[in-house]
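1. Provide a 3D model corresponding to the input given below.
(chains A, B, C and D)
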Amino acid sequence: MNRLKVAAMVSVGSHPASGRPCRAPLDARAVEMGLGLDGAELQMVHAGDPDNPALRDYLGMGLPTLTVLQQPAQGDSIPALLQWARREQPELLLLGCRANGGEDSGMAPFLLAQALGYAVVVDAVQIEVRDRELEIVQALPRGQRRLIRAELPCVVAVGAAAPAPRQSAYGPARRGRIAIEPVEPAVDIEAMHWEIQPARKRPKRLKVVKAKTAAERFMAATAVQGGGKTVRGVSPTEAARVIYDYLKEEELVTR
Amino acid sequence: MTQWVLAVLVLAALFLGLLGALRRAALWRRGRPAPVPLLRGLLAMPRRFLVDLHHVVARDRYMANTHVAVAGGFVASLILILLVHVAGLDRRWLVWLLLLALSAMFVGALFVARRRLGDRPSRLSSGPWDRLPKSLLAFAVGFLMLTLPAAGILSAETWGWLGLGVALLLATWGLAETLFGMGWAGPMKHAFAGALHLAFHPRPARFGGGRSTDLLPLDLEAPKLGVETPQDFAWNRLLGFDACVQCGRCEAACPAYAAGQPLNPKKLVQDLVVGLSGPGSDSGYAGNHHPGRSTGQASGAPANAIVPQLIAAETLWACTTCRSCVYECPMMIEHVDAVVEMRRFLTLEKGQTAGKGPQVLEQLRATDNPNGNDPTARTHWAADLNIPTLAAQQSTDLLLWAGDGAFDLRSQRTLRALVKVLRKADVDFAYLGTEELDCGDVARRLGDEATFADLARRNIATLSKYGFRRIVTTDPHALHSLRNEYPAFGGRFNVIHHSALLAELLQQGRLLPKKPIQERVTYHDPCYLGRYNGETEAPRTVLEMLGVATQEMERHGLRSRCCGGGGGAPVTDIPGERRIPDIRMEDARAIGAGLVAVACPNCAVMLEGVVQPRPEVRDLVELLADSLGV
Amino acid sequence: MGQFDALFQPLTLNQLTIRNRIVSTAHAEVYAEDGMTTERYVRYYEEKAKGGVGLAICGGSSPVSIDSPHSWWNSVNVSTDRIIPYFKNLSEAMHKHGAKIMIQLTHMGRRSRWDGADWPNLITPSGVREPVHRGTAKTIEIEDIQRVIGDFAQAVRRVKEGGLDGAEISAAHQHLIDQFWSPRTNHRTDEYGGSLENRIRFGLQVFEAIREEVGRDFCVGLRMCGDEFHEDGLNHEDLKAIAQAYSESGLVDFISVVGSGADTHNTIANVIPNMAYPPEPFLHLAAGIKEVVDVPVMHAQNIKDPVQAQRILEEGYVDLVGMTRAHIADPYLVTKIREGRVDQIRQCVGANYCIDRQYQGLDVLCIQNAATSREQSMPHLIEKAPRRRRVVVVGGGPAGMEAARVSAERGHEVILLEKQEELGGQITIAAKAPARDQMAGITRWMSMELNRLGIDLRLGVTATPELLRELEAEIVVLATGGTPNLEEHAKWGAAEGLVVSSWDILTGKTAPAKNVLVYDAISQFAGVTCADYLAAKGSLVELVTPDVRAGDDLGGTTFPIYYRKLYAADVIMTPDRELIEVYREGDQLVAVLRNEYTGSEEERVVDQVVVENGTLPVDALYLALKSESRNRGQIDLEALYAARPQPGLDAHAEGFLLYRIGDCVSMRNIHAAIYDALRLCKDF
Amino acid sequence: MSDSQRPTRKRLDPRETELGQVGNSDRRRINRGQPQPIATAKRAGQRVRRDPRAERSISAGSAGRQRVSLRGLVTTGAETITTSVETGPRMVRIDEPAFLVSVVPDAPSGRLTGHDRDLLGVARSLADAGGGAVLMILFGPLKDDPGAAGADRVMTFEGPGFAGYAPELRSAAVIDAAAQTASRHLLFPDSAEGGGELGRRVAAQLGERPATGAWRVDPERTTCRIAAGKQDQVRPTPRVLLVAAEAADPVSDALYEARPLPTPEVVGAVLLEDGGRIAVDPDDVALAEAEFIVSAGNGVQDWDSFHQLATRLGAAEAGSRVVVDAGFIPRFRQVGATGTLVTARGYLAFGISGAPQHLQGITQCDHVIAVNTELGCDMMKRASLSVVGDAQAIMPELIRLVEVEGEQA
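-> The predicted structure follows:
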């Protein structure tokens, strides 16, 4: 039986506190997911600067080689990655849902899938391959999970709820090989006209006070808001029924 | 005839024992090479045995005396037996001497037997070790019976054939245990391996009253980093393991063992003995196990990976590197070195640091501090103190090394108190501010030599830019790294612990405590200050000058019990039955202390983590600052 | 760095680095004398500095001009150079402990009283009278404007020369600057009125003059409001525009935002939100202003808890949190956060005892911390006694809890006997009323401290002379409290059960009836909150009082809360009537009222009459033990008032010392009970 | 004192100036005939008029006692004091829009999320800036009023193919709808509820480069948060936008037409199969994240039932500070300003009276259900459904109901 060809596409992240280059958290999870696949042949590929020290951190996860499609760090990595994927024909493409530190648009999985004609699943936390079929567990908000089945070939974008990546060990990181492949640099002309500014924190909205009069604004700020239906003078059984019906209506209980 | 039989017996035992010893030596030689001055070591051995080792053994008076009697008696007997019974030198005084030596051995062996067979401490291994006193008695009795006639006290016929047979049997048994067993892994192996271990000890600086506690640097270019298999250890390390007498003093001293974590240092050494002499299993082991584990599951061979077949990873990660096992070991075995060497392999080659270790190491690399704090937040604790930075003024008398306590609210209290006290004493000091990096202690104890080396080199480069006379730190771990471990990386600095500085300032009268301390105080010696740096007096001097009558806990000074905060143990967080700091707090409660004075940020955090109600925990300098009213 | 890292991030305002994000914002202390700071003033702030506060802003509404009177609130007078050496004392005291100190400067304009001291004509942009202070004022002339602008600049110079770290210019509570801003008070047609640009001109000129005088490097901030909540006033969008303009001027180093105008009785209550308000009710206003300015933003108003403060800072709503009342309740707030002793923080409960006193021109005191603002005589941190004694405290109300706490802090063996199954005494009852539940916070802290200190707490135990003798205490403190005083007038018919007490209602002992008359002879919280409680339960309530208005003794920031609620619930408030009789008629009660001023009488037919007439001391135990005690139960008043140890304490004599404190002596309030306990027990 | 000895006094009920008379036969009574309806006079504005002077004059004018019995009177302030006249929202109808802005809300369980409503606020501002209209594209019925949320047009795709997880067919539908209506902009919530994925699929298929994490949008320029939140990117507003939460305030002041539009036929390749939800232990989810929380306060004594109910409902457990202090609920499960601020869609509170600090912790909750013995406590004022009753009686009944219904289902 042929071994499943899997590729993990990795990018360089930046540490939230120090800004130093490091593994992109979701890409590292993608590599972790790839390493966990039995009987798969995993390749790691990166488009960018081969001298970036963070790349060694990926090698420290245990794979002997990281292919780097050499191009300026600021360039658009998608064309290079596509070109590589068309040549190498991996059946399963793993990458993080989002990069960490650049445009972070989260478009890469979709663009790759669209161009390659693969299926795409995002926010994956776990995958299993049986024959040519993939079972993917997808993370939903509030800790919920969904099962998705897909056929190979497929792009699986790994989410933050996926298992944490393994430790990057110094020995393998030092010994690992960075295989450099030069590619045509792709310049992102559109983005060159965009203005980049330091971000200011956007705190969560506190109150939407649409009140028009001063008195209403006053009340909105100082009094307890809300107030809905009140049920009184009913038996516990009836009370339970009212509550239960409400929960069902709002799909808080589904059973 | 008897004489002839006896000579053959002795010579045969000697020969077979020697054969075994050579085989044993061959096992050790499978280890990595280690440069050892062979002759100088051998020459130094007797002194090391009689002085240095005796110091350790003498902490247990009973055993020390017994050992002098038995070992001295045995060695003398053996020489005299060779002279009297083998060489046939029939000098009366020699025979009397032999009788004397045998009697000493007999009496000593009786005491050994009493210790072993009576109300024995549980730390002692049984099995062959319980047989040993009997064997020694057999030896002594057998040769006494055979020598008495030679002395002319009894006639040759006294025993009759039967008696003579019994005597010969006893002597044979004794010779088998001592000489044959010495070479072939009987309990007496310890004498032979132990003597050579003393001669070829990996830390010769420990002898002659010296101290050697720094971890040795690892060649990061080596094809394999750290110890994977028993034969990855240096040969003299293997020799050291073989010297173990399974007395269990390490076990009794080990905080992780006491807390029910899966580490028994004695068993750890025995596991390595199984490994170096394997293939084999630990089924012959007759002592206490790693807590929560049972005998018969561990197996190993010289070229097989140690973890997990021979030793579970948790066993290695439970160690707090407190060095109390090393300090207690009468055979001067270096358990901590072994643990760290095995951890190095797990971390550097396998990427299998336990617990939160991976995150801590990753953060250290990314931010130069173990919790991933914004590096610029390193000076937040001092925002209102206006401490000059060396970047601004280039030189100072005293450099304050803040350590990573700078990020921790608890430790900041200590640092702030120190700054106030230094100001009060009019000391000229400055700090590195955001130029300071983690000293690398945790990385190194967790086996990440690469990160340690990187941090050490960068810190040394920074320190080398500036002028200062001394470095002071509140953190004994930083003290140890900077003082003892940076020299190997080219950084030689005069580093003192704040307790020493405070004692100095108090003694010079530059600080005059005012308010007395009402609480009943005990002082907890940090491992990295006491055992690692030998500093047990200065903190007590400070307390004394504060007018505190300190109450000592049972284990204090160089034998202090660890708080559980060293060696990355809080990071790996190996579960046990209890928490180490709880045990230490029990020690304090047992003497009715209302306040535990500490001198290490790790100790402060660990001991304060014990649930209330408990004695208060204050650093020395906090007490001093209170008393000075600053 | 953990749970509270956002709090302990230093912040630099202009050239000034503040060690953490916690500020004690400006309030009037009412401790200055003759316009100069006093030892008490300095010690009050120094204690906060010791306790770790990052920045304290003192001198709420300190005037810069002589026609903005300082005497009404005993403020610091910054209109004279005489103040400079006083400032030096203050700044040295603060800097010694690493804290920064600024002062709030203002011209109050119309928001003051003219009937005293120099009898000034107050000034305001358009001569509009101020409702709360009844401040009539003249229309400010151009010459006045020039003068006041100069006064501001000179005042900031004095602040700088006095070594303070900065000044906060107030435009927050309808002071002169925001009287210019607000169309409510500015009807001018010259260059200071009309357009927003004109209305903010005066304030900008003030800042320009300040910068000219003290330079760009001295820290000067602006305090402003986020929404005046008046139909004819400034709304949030207006104030955002103003904030943006001041920020863009580059003259302002920080902006401190408070919610709500303050020139009516009802809006004043917003400014210092009491326990009825949600936490940080006006944070959205401060956050809105932060969105449009480039300078750091500070906000106070109901931020009392470190978790809450951390969340506000971490989310990035504002850059500095004002925890002012939190510091009045516990000046060691920051230290306790730093040291991981958050549970030991005496948390402000929002009773507003402090600020309500201030509005009455009385010195600021804390309902639960009697050491605050008495730093000269009362310790915040209690030292251990040289000798351990056995102290028995009877009664677990405020006096008893504090007595037990202080004695335990002294290191004594303390036994506390409480008849009920829980601690709290009358606080527990008070906390049953709507919007009063936070009162229980006083008990919560006390009880956690008593637990931490390991006292022998015996609940559900009635103290008897026999029991006390058995306990063989060296000191016995009786704090047995009071009981409702319904017996004062026999005609009320308490004996026949015609009236019930406010306690009966609040504890749920007596169920509310449909039509209830509440008679409140005390005019403190009990009557008003009892009426509120009944109304919330659906009763029709009339609240009758012989005083001139319902809840007459409630302070300026508190009574509006209840008026809002009582009016909304259609509670009839009938002042000036005395309850002279109650009698039964059929299954109803008839309450007879007499008008205080005309003597005319009228009746009410109701289902229930609730009388709030304060308490009578519970003193039977005291009287029984008095003669046995070494001191015959007497407290040496001279020693007590001078904060000296009681005379009998140093003697090693036989027998016990007996003291009684709190309502079991005579009815006063929580603060009085706690103060007595502290000053008595601190020397045990 | 006997009745005959009583002096004669007026009886007055200032609540109701309607003066009646009662009293004993030996006292003077005033029969005022038809009482003057002074206080009850109401203007059209529903305000009660009171004239204390008039009340006083009536009482002053009477020589004897006057009594008013309040029994039977039902007037309470709450019913009569209404400060403003209710007016309906402004109706807006755009018949011939210059262009359409299409919005695809998440609308899980048929309810618009807060994020959806913010998104509609953005859509409205884009549409209103140029005489356009907002088209809401839905998959399945909506329980909320799309017009009130700001939609001029609504297109609802229904059918089994769109139900559940169907991003491929949905993206095909959105592309078809956008093509059919020539939408100028396509807006998605950049959410984890599906909008983030759908929007990116659509953009990739259309070959559009979308603005993602857009938080400030106007017809010309869009600001997106990038670089792990450390930078903003300002760019021309593109056709496809994935908009962050709170990029605009929700629409609240007008009612839009929400005219239904016919849906196009949708054909699309489906490579993914929805395997359905996987059961998750609610206690494994962080409290701040929990979907449904059952919370206990002082009024809960029956802890067995409480825990059992939480398990049966599949809800996370939480509590007020009081029960946490008392040790019934662990500290990390405390809700409130001093504990955790929760975001649950449902918050079922037993025996919690609603201290301000507690209410602060549940401001983000959509559906608050309060069970309490105290009518009128603050928790009930906050709740969307309040039940007056004892938690101890209601919890077991609810458990029973969940069991029975669960079996039937």
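2. all contacts plus neighbour counts: C-alpha atoms, from now on.
-> OK.
3. Neighbours of residue D:233, how many?
-> 21 (other Cα atoms under 10 Å in any protein chain shown).
4. residues touching the residue lying closest to it once chain neighbours are set aside, list them.
-> Of all residues not flanking residue D:233 in the chain, residue A:196 sits nearest, at 4.6 Å (Cα to Cα, 6 or more residues apart in numbering or on different chains). Under the criterion of Cα atoms under 8 Å, 6 or more residues apart in numbering or on different chains, the contact list for residue A:196 reads D:231-234.
5. Residue A:196 looks like it's in a helix, true?
-> No: assignment of residue A:196 by DSSP: H, G, I helix; E, B strand; the rest coil gives strand, placing it outside any helix.
6. how far away is it from residue D:220?
-> 16 Å (Cα to Cα, to the nearest Å).
7. What parts of the stretch 101-250 of chain B come near chain C?
-> Within the stretch 101-250 of chain B, no position lies close to chain C (Cα under 8 Å from any Cα of the partner chain).
8. which phi and psi does the residue of the stretch 251-400 of chain B found nearest chain D have?
-> Using Cα to the nearest Cα, the single residue of the stretch 251-400 of chain B nearest to chain D is residue B:374, 14.2 Å away. The phi/psi pair for residue B:374 (degrees, to the nearest 10) reads phi -60, psi 120.
9. Which pLDDT value belongs to the residue nearest to the spatial centre of chain C?
-> Among the residues of chain C, the one closest to the centroid is residue C:354, at 2.4 Å (Cα atoms, centre = their mean). For residue C:354, the pLDDT comes out at 94.
10. counting contacts, what elements does the helix or strand hosting it pack onto?
-> Per DSSP states H and E: residue C:354 is located in helix C:353-359. Taking 3 or more Cα pairs under 8 Å, 6 or more residues apart in numbering or on different chains; DSSP states H and E as contact, there are no helices or strands that helix C:353-359 lies on.
11. List the contacts of that helix.
-> Under Cα under 8 Å, 6+ apart, the answer for helix C:353-359 is C:28-30, C:73, C:272, C:325, C:363-367, C:554-558.
12. Dump the strand or helix carrying residue C:179 to PDB, keeping only the CA atoms.
-> Using DSSP H and E, residue C:179 sits within helix C:176-181. This file holds the C-alpha atoms of helix C:176-181, laid out as PDB (Å, rounded to 0.1, in the frame of the first residue of the first chain):
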ATOM      1  CA  LEU C 176     -16.100  77.100  36.000                       C
ATOM      2  CA  ILE C 177     -14.400  75.500  33.000                       C
ATOM      3  CA  ASP C 178     -17.300  73.200  32.200                       C
ATOM      4  CA  GLN C 179     -19.800  75.900  33.100                       C
ATOM      5  CA  PHE C 180     -18.300  77.500  30.000                       C
ATOM      6  CA  TRP C 181     -18.600  74.200  28.100                       C
END
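13. Show me the contact partners of it.
-> Counting by Cα under 8 Å, 6+ apart, C:106-110, C:124-125, C:170-172, C:185-186, C:192-193, C:196, C:199-200, C:202-203, C:224, C:234 sit against helix C:176-181.
14. Same question for stretch D:145-154.
-> For stretch D:145-154, the external contacting residues (Cα under 8 Å, 6+ apart) are D:93-94, D:117, D:120-121, D:124, D:133-138, D:250-252, D:254-261.
15. wait, isn't residue A:160 in contact with residue A:123?
-> Yes: look at residue A:160 against residue A:123 with Cα atoms under 8 Å: they come within range, at 7.3 Å.
16. which of those two has more neighbours?
-> Counted by other Cα under 10 Å, residue A:160 and residue A:123 do not tie: residue A:123 has more neighbours, with 24 against 18.
17. Now for the residue nearest to the more buried one when sequence neighbours are not counted: which residues touch it?
-> Nearest non-adjacent residue to residue A:123, counting by Cα to Cα, 6+ apart: residue A:159, 4.0 Å away. Residues in contact with residue A:159, defined by Cα under 8 Å, 6+ apart, are A:26, A:29, A:96-97, A:122-125, A:139.
18. From those residues, pick the one nearest chain C.
-> Distance to chain C, by Cα to the nearest Cα, is smallest for residue A:26 among these, at 24.1 Å.
19. what helix or strand is that closest one on?
-> Applying DSSP H and E, one finds residue A:26 within helix A:25-35.
20. What segments of the stretch 151-300 of chain B are strands?
-> Ranges of strands within the stretch 151-300 of chain B are B:280-281, B:299-300, based on DSSP state E, counting those that start in this stretch.
21. Single out the most deeply packed of those.
-> Comparing the strands of the stretch 151-300 of chain B by mean neighbour count (mean count of other Cα atoms under 10 Å in any protein chain shown), strand B:299-300 ranks first with a mean of 24.
22. Sheet-wise, list the partners of that one with their directions.
-> strand B:280-281 (antiparallel) (DSSP bridges).
23. Give me the residues contacting the partner strand.
-> Strand B:280-281 is contacted from outside by B:274, B:296-301, using Cα under 8 Å, 6+ apart.
24. Next, find the distance separating the residue in the stretch 1-150 of chain A that chain B sits nearest to from residue D:342.
-> Distance from chain B to each residue of the stretch 1-150 of chain A (Cα to the nearest Cα) is smallest for residue A:17, at 4.5 Å. Distance, residue A:17 to residue D:342, by Cα to Cα: 27 Å.
25. more neighbours, the two?
-> Higher neighbour count among residue A:17 and residue D:342: residue D:342, with 27 against 15, using other Cα under 10 Å.
26. pLDDT score for the nearest residue to the more buried one once chain neighbours are set aside?
-> Distance criterion Cα to Cα, 6+ apart; nearest residue to residue D:342, sequence neighbours excluded, is residue D:288 at 4.3 Å. pLDDT recorded at residue D:288 is 87.
27. dump the residue contacts of residue D:288.
-> D:340-344.
28. From the centroid of chain D, which residue is nearest?
-> In chain D, the C-alpha nearest the mean C-alpha coordinate belongs to residue D:366, at 5.4 Å (Cα atoms, centre = their mean).
29. okay, the residue lying closest to residue D:129 once chain neighbours are set aside: pLDDT?
-> The shortest distance from residue D:129 to any non-neighbouring residue, by Cα to Cα, 6+ apart, is to residue D:219 (7.3 Å). Residue D:219 carries a pLDDT score of 95 in this model.
30. rounded to a whole number, what's the mean pLDDT of stretch C:122-139?
-> The average pLDDT for stretch C:122-139 rounds to 93.
31. now the end-to-end length of it.
-> Using Cα to Cα, the end-to-end distance of stretch C:122-139 comes to 9 Å.
32. ranges for the helices of the stretch 101-250 of chain B?
-> Taking DSSP state H, counting those that start in this stretch to define them, one finds helices in the stretch 101-250 of chain B at B:128-151, B:160-175, B:181-183, B:189-199, B:235-242, B:249-253.
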